[in-house]
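Colleague: Quick one, structure for this:
(5 chains, ligands or ions: 31)
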Amino acid sequence: MRKSKPVVKLKKSNRSKSKLGKAPGAITYIGNRKKQVTTISKISYDEKDYVLENISIDEIESALKNNQTSFVDVVGLTDETTIAQIGAKLNLNNLLLEDLVDTLQRPKIDEYEDYIFSVFKMLYINENAELVIEHVALTLFKDTVVVFQETDDDVFGEVIKRIENKFGRIRSRGADYLFFALLDAIVDNYFIVLDDIKNKLEILEDEVYNNPQKESARKIQYLKKEILRIRKWIFPVKELVNRLLNTEHELISKETKLFLQDTFDHCLEINEDIVLYREMSTSLMEMYMTNMSNKMNEVMKVLTVIASIFIPLTFIAGIYGMNFDNMPELHTANGYYYLWGVFILIFLGLLIYFKKKDWL
Amino acid sequence: MRKSKPVVKLKKSNRSKSKLGKAPGAITYIGNRKKQVTTISKISYDEKDYVLENISIDEIESALKNNQTSFVDVVGLTDETTIAQIGAKLNLNNLLLEDLVDTLQRPKIDEYEDYIFSVFKMLYINENAELVIEHVALTLFKDTVVVFQETDDDVFGEVIKRIENKFGRIRSRGADYLFFALLDAIVDNYFIVLDDIKNKLEILEDEVYNNPQKESARKIQYLKKEILRIRKWIFPVKELVNRLLNTEHELISKETKLFLQDTFDHCLEINEDIVLYREMSTSLMEMYMTNMSNKMNEVMKVLTVIASIFIPLTFIAGIYGMNFDNMPELHTANGYYYLWGVFILIFLGLLIYFKKKDWL
Amino acid sequence: MRKSKPVVKLKKSNRSKSKLGKAPGAITYIGNRKKQVTTISKISYDEKDYVLENISIDEIESALKNNQTSFVDVVGLTDETTIAQIGAKLNLNNLLLEDLVDTLQRPKIDEYEDYIFSVFKMLYINENAELVIEHVALTLFKDTVVVFQETDDDVFGEVIKRIENKFGRIRSRGADYLFFALLDAIVDNYFIVLDDIKNKLEILEDEVYNNPQKESARKIQYLKKEILRIRKWIFPVKELVNRLLNTEHELISKETKLFLQDTFDHCLEINEDIVLYREMSTSLMEMYMTNMSNKMNEVMKVLTVIASIFIPLTFIAGIYGMNFDNMPELHTANGYYYLWGVFILIFLGLLIYFKKKDWL
Amino acid sequence: MRKSKPVVKLKKSNRSKSKLGKAPGAITYIGNRKKQVTTISKISYDEKDYVLENISIDEIESALKNNQTSFVDVVGLTDETTIAQIGAKLNLNNLLLEDLVDTLQRPKIDEYEDYIFSVFKMLYINENAELVIEHVALTLFKDTVVVFQETDDDVFGEVIKRIENKFGRIRSRGADYLFFALLDAIVDNYFIVLDDIKNKLEILEDEVYNNPQKESARKIQYLKKEILRIRKWIFPVKELVNRLLNTEHELISKETKLFLQDTFDHCLEINEDIVLYREMSTSLMEMYMTNMSNKMNEVMKVLTVIASIFIPLTFIAGIYGMNFDNMPELHTANGYYYLWGVFILIFLGLLIYFKKKDWL
Amino acid sequence: MRKSKPVVKLKKSNRSKSKLGKAPGAITYIGNRKKQVTTISKISYDEKDYVLENISIDEIESALKNNQTSFVDVVGLTDETTIAQIGAKLNLNNLLLEDLVDTLQRPKIDEYEDYIFSVFKMLYINENAELVIEHVALTLFKDTVVVFQETDDDVFGEVIKRIENKFGRIRSRGADYLFFALLDAIVDNYFIVLDDIKNKLEILEDEVYNNPQKESARKIQYLKKEILRIRKWIFPVKELVNRLLNTEHELISKETKLFLQDTFDHCLEINEDIVLYREMSTSLMEMYMTNMSNKMNEVMKVLTVIASIFIPLTFIAGIYGMNFDNMPELHTANGYYYLWGVFILIFLGLLIYFKKKDWL
Ligand SMILES: [Mg+2]
Ligand SMILES: [Mg+2]
Ligand SMILES: [Mg+2]
Ligand SMILES: [Mg+2]
Ligand SMILES: [Mg+2]
Ligand SMILES: [Mg+2]
Ligand SMILES: [Mg+2]
Ligand SMILES: [Mg+2]
Ligand SMILES: [Mg+2]
Ligand SMILES: [Mg+2]
Ligand SMILES: [Mg+2]
Ligand SMILES: [Mg+2]
Ligand SMILES: [Mg+2]
Ligand SMILES: [Mg+2]
Ligand SMILES: [Mg+2]
Ligand SMILES: [Mg+2]
Ligand SMILES: [Mg+2]
Ligand SMILES: [Mg+2]
Ligand SMILES: [Mg+2]
Ligand SMILES: [Mg+2]
Ligand SMILES: [Mg+2]
Ligand SMILES: [Mg+2]
Ligand SMILES: [Mg+2]
Ligand SMILES: [Mg+2]
Ligand SMILES: [Mg+2]
Ligand SMILES: [Mg+2]
Ligand SMILES: [Mg+2]
Ligand SMILES: [Mg+2]
Ligand SMILES: [Mg+2]
Ligand SMILES: [Mg+2]
Ligand SMILES: [Mg+2]
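Modeller: Residues are numbered from 1 along each chain as shown, chains lettered A, B, ... in the order given. Ligands and ions are numbered 1, 2, ... in the order given. Below you'll find the model as predicted:
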């Protein structure tokens, strides 16, 4: 089983301040990546051919006007100038470029006349078994899908393999199917992340039921917070896919909508699962509290049983430790033995009493 | 009364990973059944005739083109190749075949031009009194209903008996009525499962009210989780039946919709009951906590009463156990007896005090 | 004030199993009444005449074709054959007959071309001050309302009195007004039942605030459960009346809708009250927990004060009870008296300390 | 600051029973007022003239047919005969008269062809600083507003002053503006009542944070209940005003709707505030519980520290109080003094230990 | 990191009473600012020119009729007469003027034929690091935006800088773009305020997890209340922006709606965040309670361990402190040493027992 490592923590990004007062459409990178060079690669394919190449900014335009279907992959969002240039070549609205370089942007889809622009979060587990949350923008043009992403890593590997494979269905379909395939890959990975959450929940459940620790509460709360955080990025996707299903935009064919319906099904399920996991984490916390309560009860019972038995006995011993001149019992031959009898009777009597109360 | 056994636990299925990156429509069995041979049986009937026979894949096509109504029952979903062949004969969309062999697929209905495809979960109690959750797909064609299911066991026995019976209404109606009858049988069994939940709730309620155990909390939480799990499979059905009620698909006649309305009534009630049982399990947990609290109170009262009475008395005895040369009380004739009087007075006084406070 | 007795408990009915696999429309009595003979009475009236008579099954048909308005009252639902015969005479759909003899059926209204069929629960307090939940079906025909109910007792007594009274408005109006009047009587009785709940809530509130008992928690939970149970039968009625208000069925006149609006007002209020009472029962439970907590605090304070004062004192007495050869204090003339001074100082000091902490 | 007195408690009214089985439209006073004489006053005004006079029942009709705008104020709802006569003169539907004398009637608006009938609750603080909840019905006719209310006191004083003032806008506008002005006065007073609630919340908050008492919980619960009770009367008003805003009834002019929009704004705010205050009272209860918990912790720490220090010391003293013949320590010269050293060391050691644990 | 200071507390404003009974449209300042002089400044600009000047009331009218775009900024709302005069010059409805000087007015947008009037709250952190909540009204005319605000400080500084800059896009667009830019600046500042809340939450989280104090609960409750208060002003904005997006008012161009969509995105995110922060504060309180419970457990364990070990030992010592004549053990040579063995055995035995129970 994959060992679940903590989420890669991002340093605090200060979107609010860096955007404050800027004109809308100002292209300001918001996020925690170090300055990096932006690279552009392109895959062009049709039923016959398949070409993968790195391209320059100036070659982008020609990629759009091509008889083949193209998948343009722009990696690295920190260099705002380059992004602006690419945006200009693609004729993208500045408002969209702004969202594109804002890694805290909520998932969204905007339909323009010539293209459909969308922003999502890729959630995936990288080779170090860390959860990565990566900002990604998919734009669907007539024959091209342009992807903007933060790093080389992504969830599109399998899609690309299917393109490479000459006989895959994807080779014979247009850009809207490619757009769907990429979106589908993103959504598929949400399942992986949710499985991870479920896994952690089950491990914690085991811990809470069988061996609750002081730390368990903290772990539950931490998991709850992780669920809330993931929810923020995943929840809106359902509504967005639904909008695509019902759009009348001509770039999305009726056939592709059939496939999008499948993605919508998955979104439905994902959202139900997130709600479910949240309820389960709440139940778990409740169970933890109950266990704590039960433990406390046990502690108090031990104290009560021991104190209630020995405090009265000690009192009796105390009586016969008094120094009164005139205490006849002290001078009988067997008083001490009789008293032992009394001690034992009281001891057993209380023991039986507590046994009956089920405190032992 | 049926002894309620725990749900048959499925080994973890790893849908997320096995599907990751696959093209949509890839037919991959997802579930925990062992590899099994797929069998196909067919019942053909009209008002006059009734034939039950096992058929081969190649005979499926002819089953569709038949003047009689046919009920084709495909058992065993693990053999993907066979399922793909059957799907091809039925002309089913690959996306549907994918859902069909995905035993974790959420309940759904998709309407295509020539058929209506649906996926549900059968929940039923098998002969070993275990709850089984089985994946089932119903597809309505013009004259035929094709059922795909995981095992021989199912909830359709009574429907088949009604078909066998020459004078049953079902014999004189078409495939859409058969489709309804099968769906109705599935929904009817949800009631059985919910009755089981209710039963467990009542047994637990008894336990919590009359003899709460440390284990009770765990049982309540377990039941709550079972309710959540069942809810996932049952809840969506209401919306789906509603969609059937309002569909304009020509395969479903107005008369059958009258019957579907009845099923919809049942779905309404089932969903209300699930919500209700959930609320009741929450109340039960609350009651358990209250009982624990009351028990703790009782424990503390016993400790407080005994300690509060004997600790002061012990102190007094301690005083007269001191060894001061000059302690006049020790040398009086009746000091010891007077002190016994003091002991008894204090003892009774505190006893009355605690009685008044209602701690005894 | 009416003494509130517990609800008449029904033995468990086993609907789920008795219906399992039956064809829809199978007329199976589901409930706990003993086998009883079904009786039919009829009241026919117009502005001039009023006739009350018992009728046989065969006379039902003629009741429908009558220039007068008729109120046909069928009592006793256990005899399925008779019900089926009556249903046939009335030309009622078998699906409705099924619901009619299912005393666990959710409230519902179905509109057919010639009649409007409805099922409700009558909730009323009988002469033994017990809450009765009785299944009732009202069917509105052109000139007739047919009522099916389980027992002789019902909530329609006052409606019948108004019919008997020659000058009542009801005499000059048609069957739809009668239908409304009966429904209105059912809803009016919900108020009585809710008043009973409110009453119990207030009594419990008194108990919890002024003299909380271990039993109080159980009573609150019991009441909460009763509210949930009643809610199940009452809540859906609002939506049903609303549907009647907006129906275009010709059997319900515009004038009668004016009256139904009044009933709808009442349903609104009833549903708000149920929600309110539920919130109040939750608050009450919370208050109970707080009181328990406060009581525990008090117990612990007493223990702490007494133990904290006498345990140190006992230690000091213990010191001077030691048998060392060389303990100079023991041999002073006034050591014992000085020690008493120390005892008293410590005692008073701690007393003041605890007083200041407000623990006394 | 106004001292907040408790709400004027109404004796229990027994609406449910007094209405049971009555025909709809039966005019039965439901409430707790003593029998009182009904009085009628009328203000007639236009831009030039202003007349205030008491009128008899027979003069009502002429008030309706008048070139001026009239404000007819009927005070006293207990005399059902008189109300019925007035209702007849105004040609009001009996169903409305029924609601008019039912002081437990939920707020409502019914539109008829010639008039708009509405029922609200006036909530106001009277001169004795008590909260009064008074039933009021406003009916808008073409040129007249008829108000039915329970007592002389009301919230309309300022509106009447504005009418008296010759240059007020109200003088130049019709009856619909008067209707709005009265409704607006009712809603404005809800703010006063909510301010009172807010005030009480803040006082309680102070108490809970700085000096929580056993009584505080009860006060919070009481306030919560008061909020729930007020909510019942205020919440529905928003929806009603919205309905007026969208009505096509010709009695309400487009200009007056502009003003009603302002009232609607207020209703929005009022409803948000009620929800907010409820959340705040829940938070307050939570805070109270936390404080109780903290107090308990403190109590237990004191007990634990004192007992944990002196119980071991007492044991040691007990050892040297034993009477064994052979206990060498007892016969050393400085044993007693060494033991004191041990006592002090243990005492200080434990003190430091508890200090470190932050229990002191 | 900015040090988070408490919100600038407003003295209680008594809107309810000061408005009570006033005619709607009465211009009454409601708020806590001291009487101040109202000043008016105007910025007029087009692609070529830019003029900033202070103007008098009489110059307002001409500002509206100008070929340039104008931004009129009215500062100071306490002087009702002046506001009324300005309102008259702008031809604003009195109802709007009333809302304009009511600093407790809920955010709202009203569309009139010639202008769009809106009221918001500016939330911003001033130079003293205090949160300020300031009332602001924006009115969009054909070529002019008029802003009414309480103080000189505001969130529009950056917008003005962009106007000053000759090459900014804002210079070439009309008043509706200016209106958007101002609204956008207001919404952008909500992010800053929410970041502050988030910051406080994280600091508190640290405190609760690592070093919970008695004060922590109070801080959490305080923060929760602050969130509720901010929510009141921010939540409605989303709905209002949505209304602008869908308005058909000709003053808002299609191009500006594109920008408003961006603002709407931000509102969506803001509202989600507020909900999230509220859930997190609730979780935090829960965690605090759990920590308190754990601490209590620890305290009780210490008490139980120490008391349970030494109370029985003390009893044994007490036995041999008794003064019976006949106690053979006392006279053996090694009885005392054997007893020490017993003491040590019991001590170690209990120590091991408690260690096993994990109480040490
Ligand atoms: Mg901006
Ligand atoms: Mg953005
Ligand atoms: Mg990447
Ligand atoms: Mg890549
Ligand atoms: Mg997928
Ligand atoms: Mg699928
Ligand atoms: Mg896939
Ligand atoms: Mg699937
Ligand atoms: Mg099967
Ligand atoms: Mg089978
Ligand atoms: Mg059924
Ligand atoms: Mg039915
Ligand atoms: Mg319960
Ligand atoms: Mg059935
Ligand atoms: Mg049924
Ligand atoms: Mg009956
Ligand atoms: Mg009867
Ligand atoms: Mg009624
Ligand atoms: Mg009414
Ligand atoms: Mg009635
Ligand atoms: Mg009424
Ligand atoms: Mg009055
Ligand atoms: Mg008056
Ligand atoms: Mg107002
Ligand atoms: Mg206003
Ligand atoms: Mg006003
Ligand atoms: Mg206002
Ligand atoms: Mg300002
Ligand atoms: Mg300024
Ligand atoms: Mg912005
Ligand atoms: Mg944006």
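Colleague: hey, which helix or strand in chain A has the poorest pLDDT?
Modeller: helix A:15-19 (a mean of 65; mean pLDDT, DSSP states H and E).
Colleague: Counting neighbours, what do you get for residue A:62?
Modeller: Number of residues near residue A:62 (other CB atoms under 10 Å in any protein chain shown) recorded here: 12. Backbone N, C-alpha and C define where each C-beta goes, glycine included.
Colleague: pLDDT score for it?
Modeller: At residue A:62, the predicted lDDT confidence score is 84.
Colleague: what are the phi and psi values for it?
Modeller: Taking degrees, to the nearest 10, you get phi -70, psi -30 for the backbone angles of residue A:62.
Colleague: same deal with residue A:37?
Modeller: The phi/psi pair for residue A:37 (degrees, to the nearest 10) is phi -80, psi 140.
Colleague: and the biggest helix by length in chain A with chain E, contact?
Modeller: Longest helix in chain A, counting residues (DSSP state H): helix A:254-319. Yes. Contact between helix A:254-319 and chain E is present through A:285, A:288-289, A:292-293, A:295-296, A:299-300, A:302-303, A:306-307, A:310-311, A:313-314, A:317-318 (criterion: CB under 8 Å from any CB of the partner chain).
Colleague: The residues you listed also near ligand 16: which ones?
Modeller: Near ligand 16, taking CB under 5 Å from the ion as the test, no member of those is found.
Colleague: Report how many residues lie close to the residue of chain A found nearest chain C.
Modeller: Of all residues in chain A, the one sitting closest to chain C is residue A:321 (6.8 Å; CB to the nearest CB). Neighbour count for residue A:321, taken as other CB under 10 Å: 28.
Colleague: ranges for the helices of chain A?
Modeller: Using DSSP H, helices in chain A cover A:15-19, A:60-64, A:80-90, A:94-100, A:157-164, A:175-210, A:214-246, A:254-319, A:335-356.
Colleague: Identify all contacting residues around the fifth one.
Modeller: Contact with helix A:157-164 is made by A:43, A:45, A:50, A:71, A:168, A:170-171, A:178, A:181-182, A:185, B:20-23, as judged by CB atoms under 8 Å, 6 or more residues apart in numbering or on different chains.
Colleague: what about burial for those residues, which qualify?
Modeller: A:43, A:45, A:71, A:168, A:170-171, A:178, A:181-182, A:185, B:20-23 (16 or more other CB atoms under 10 Å in any protein chain shown).
Colleague: Just name the lowest-scoring one in the residues you listed, pLDDT-wise.
Modeller: Within the buried ones among the contacts of helix A:157-164, the minimum per-residue pLDDT falls on residue B:21 (66).
Colleague: Any idea which of the helices of chain A gets closest to residue A:36?
Modeller: Closest of the helices of chain A to residue A:36 is helix A:80-90, at 10.4 Å (criterion: CB to CB).
Colleague: With adjacent residues omitted, what lies nearest to residue A:279?
Modeller: Spatial nearest neighbour of residue A:279, chain neighbours left out: residue B:228 (6.4 Å); criterion: CB to CB, 6 or more residues apart in numbering or on different chains.
Colleague: now do residue A:52
Modeller: Closest to residue A:52 by CB to CB, 6+ apart is residue A:43, at 4.9 Å.
Colleague: for the residue positioned nearest the centre of chain A, what are its contacts?
Modeller: The centre of chain A sits closest to residue A:230, judged by CA atoms, centre = their mean, with a distance of 4.0 Å. The contact partners of residue A:230, by CB under 8 Å, 6+ apart, come to A:123, A:193-194, A:197, A:274.
Colleague: Kindly provide the distance from it to ligand 10.
Modeller: From residue A:230 across to ligand 10, the span is 41 Å (CB to the ion, to the nearest Å).
Colleague: what does residue A:62 give?
Modeller: For residue A:62 relative to ligand 10 (CB to the ion), the value is 60 Å.
Colleague: Likewise for residue A:209?
Modeller: For residue A:209, the distance to ligand 10 (CB to the ion) stands at 38 Å.
Colleague: what about that residue, how many residues close to it?
Modeller: 16.
Colleague: Tell me which residues touch it, please.
Modeller: Residue A:209 sits next to A:287, A:291, B:218 when contact means CB under 8 Å, 6+ apart.
Colleague: from the residues you listed, which are also near chain D?
Modeller: Here nothing survives when the contacts of residue A:209 are matched to chain D using CB under 8 Å from any CB.
Colleague: By neighbours, which of those residues wins?
Modeller: residue A:287 (23 neighbours).
Colleague: How about the contacts made by that residue?
Modeller: A:208-209, B:217-218, B:221.
Colleague: nearest to ligand 1, of the residues you listed?
Modeller: Ranked by distance to ligand 1 (CB to the ion), the contacts of residue A:287 are led by residue A:208 at 46.1 Å.
Colleague: Report how many residues lie close to residue A:110.
Modeller: Neighbour count of residue A:110, defined by other CB under 10 Å: 18.
Colleague: Bridged to it, which residues?
Modeller: In this structure, residue A:110 bridges to residue A:117 when assessed by DSSP bridges.
Colleague: just how off-centre is stretch A:312-320 within its chain?
Modeller: Here stretch A:312-320 shows a centroid-to-chain-centroid distance of 63 Å under the convention CA atoms, centre = their mean, to the nearest Å.
Colleague: my bad, should have said stretch A:152-162
Modeller: 21 Å.
Colleague: Do any residues in that stretch lie close to ligand 4?
Modeller: Yes. Using CB under 5 Å from the ion, stretch A:152-162 reaches ligand 4 at A:152, A:154.
Colleague: ok, and does that stretch reach over to ligand 3?
Modeller: Yes. Stretch A:152-162 is in contact with ligand 3 by CB under 5 Å from the ion, via A:153-154.
Colleague: Tell me the buried residues in that stretch?
Modeller: Buried-residue list, stretch A:152-162, by 16+ other CB under 10 Å: A:154-156, A:159-160, A:162.
Colleague: can you pull the contacts of the nearest residue to residue A:60 once chain neighbours are set aside?
Modeller: What sits nearest to residue A:60 in space, not counting adjacent residues and going by CB to CB, 6+ apart, is residue A:89, at 4.5 Å. With contact set as CB under 8 Å, 6+ apart, residue A:89 has these partners: A:57-58, A:60-61.
Colleague: pLDDT wise, what is residue A:274 at?
Modeller: Reported pLDDT for residue A:274: 95.
Colleague: picking that back up, mind putting the buried residues of stretch A:152-162 into JSON lines with pLDDT?
Modeller: Formatted as JSON lines, the buried residues of stretch A:152-162 follow (pLDDT from 0 to 100):
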{"residue": "A:154", "pLDDT": "92"}
{"residue": "A:155", "pLDDT": "93"}
{"residue": "A:156", "pLDDT": "94"}
{"residue": "A:159", "pLDDT": "92"}
{"residue": "A:160", "pLDDT": "93"}
{"residue": "A:162", "pLDDT": "91"}
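Colleague: which residues sit in contact with the residue of the stretch 51-200 of chain A found nearest ligand 16?
Modeller: Closest residue of the stretch 51-200 of chain A to ligand 16, CB to the ion: residue A:198 (51.7 Å). Residues counted as contacts of residue A:198 (CB under 8 Å, 6+ apart) are A:273, A:277.
Colleague: distance of the closest residue to ligand 15 within chain A from ligand 2?
Modeller: Using CB to the ion, residue A:272 is the residue of chain A that sits closest to ligand 15, at 28.0 Å. Residue A:272 sits 29 Å away from ligand 2, going by CB to the ion.
Colleague: Surely that residue touches residue B:231?
Modeller: No. Using CB atoms under 8 Å, residue A:272 makes no contact with residue B:231, being 9.4 Å away.
Colleague: is it true that the residue nearest to residue A:279 touches residue A:277?
Modeller: No. Judged on CB under 8 Å, residue B:228 makes no contact with residue A:277 at a distance of 10.1 Å.
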